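K.L.:
A structural model of the following input is requested.
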Amino acid sequence: MPPPAGSQVSRVPAQRTPPEELAPPAVAPVPQRPRRRLRTVLTVIAGTLAALCLGGGVVGYLLYDRATTPDRSTPAVVVDNYLRAFLVDHNDVRGNLFVCDGSAQLGQLELLRSDLAVREQRFGARIWVSWEEFHVDRHDDYADVRVDLTFSAQIDGIRQTDRQAWKFTTRLGEDWRVCAAARAD
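P.N.:
Residues are numbered from 1 along each chain as shown. Next up is the predicted model:
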């Protein structure tokens with residue numbers, strides 16, 4: 001179409017796009033991932049310490065449990081531990097850890113301990129109780145344990161000793177327990 005009559009057409013010279021606008025923009029270098037060696041090392045150290053602490057806690061608990069659980073593994077051991085708790089330490093609570101539940105016949109041993117206390121007061125001397133050998137006669141879940149108890153005291157500078165034979169009857173349930181004690185003939 002031709003321009004209308006009487007109008008002037010102005011022409012604009014064509015402009016060229018500068019070459020830098022035609023070229024695609026330069027690609028920025030891909031940022032490198034920051035090195036996280038320190039974080040990895042700290043994570044490994046923290047994990048190792050946590051595992052060591054957890055393992056140490058478990059080992060500590062097992063050692064504590066083993067150290068505080070009374071040993072009732074054999075008839076002789078349970079009698080030894082019972083005598084130590086009852087006659088030497090005078091600790092009834094600890095002694096009861098080695099006794100059969102409800103059916104224990106330990107009256108004679110209780111009388112012996114009472115008699116020893118009376119004699120200590122009367123003579124003003126400490127009486128030591130000891131024992132050496134255990135003779136065990138086992139029958140399935142029961143065992144008789146014979147032991148000689150030795151009583152020693154020093155009165156007026158003179159050492160005195162007495163020896164008594166005792167028989168302890170033990171029974172195996174979950175573990176060994178003392179069920180009866182009597183002086184042996």
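
K.L.:
Counting residues, which helix of this protein comes out longest?
P.N.:
In the chain, with assignment by DSSP state H, the single longest helix is helix 37-68.

K.L.:
what's the next secondary structure element after it?
P.N.:
helix 75-83 (DSSP states H and E).

K.L.:
Quick check: mean pLDDT of that following helix?
P.N.:
Throughout helix 75-83, pLDDT has a mean value of 95.

K.L.:
what's next to it, contact-wise?
P.N.:
For helix 75-83, contacts defined as Cβ atoms under 8 Å, 6 or more residues apart in numbering pick out 70-72, 95, 98-99, 129, 131, 134, 136, 138, 143, 145, 147, 149, 168, 170, 175-178. C-betas here are computed from N, CA, C, even on glycine.

K.L.:
tell me the phi and psi of D89?
P.N.:
The phi/psi pair for D89 (degrees, to the nearest 10) reads phi -90, psi -10.

K.L.:
got a pLDDT number for the residue nearest the centre of the chain?
P.N.:
Within the chain, the residue whose C-alpha comes closest to the C-alpha centroid is Y61; the distance, by Cα atoms, centre = their mean, is 2.4 Å. Per-residue confidence (pLDDT) for Y61: 82.

K.L.:
Over to A5?
P.N.:
Confidence score, pLDDT, at A5: 61.

K.L.:
Same question for S114.
P.N.:
Reported pLDDT for S114: 95.

K.L.:
Low-confidence regions, the protein specifically.
P.N.:
1-26, 33-35, 103 (pLDDT under 70).

K.L.:
again, only this time at 90
P.N.:
Confidence mapping of the chain against pLDDT under 90 gives the ranges 1-44, 55-73, 101-104, 123-124, 132-133, 140, 154-158, 173-174, 185.

K.L.:
Spatially nearest residue to A76 (excluding sequence neighbours)?
P.N.:
Using Cβ to Cβ, 6 or more residues apart in numbering and skipping the chain neighbours, the partner closest in space to A76 is F134 (4.0 Å).

K.L.:
Isn't that neighbour up against V145?
P.N.:
Yes: with contacts counted by Cβ atoms under 8 Å, F134 reaches V145, the gap being 5.4 Å.

K.L.:
neighbour-wise, which of the two wins?
P.N.:
More neighbours surround V145 than the other of F134 and V145, with 25 against 16 (other Cβ atoms under 10 Å).

K.L.:
three-state assignment of that one?
P.N.:
strand (DSSP: H, G, I helix; E, B strand; the rest coil).

K.L.:
that older thread, and the residue nearest to A76, what does it touch?
P.N.:
Taking Cβ under 8 Å, 6+ apart, one finds P75, A76, V79, D80, V145, R146, V147 in contact with F134.
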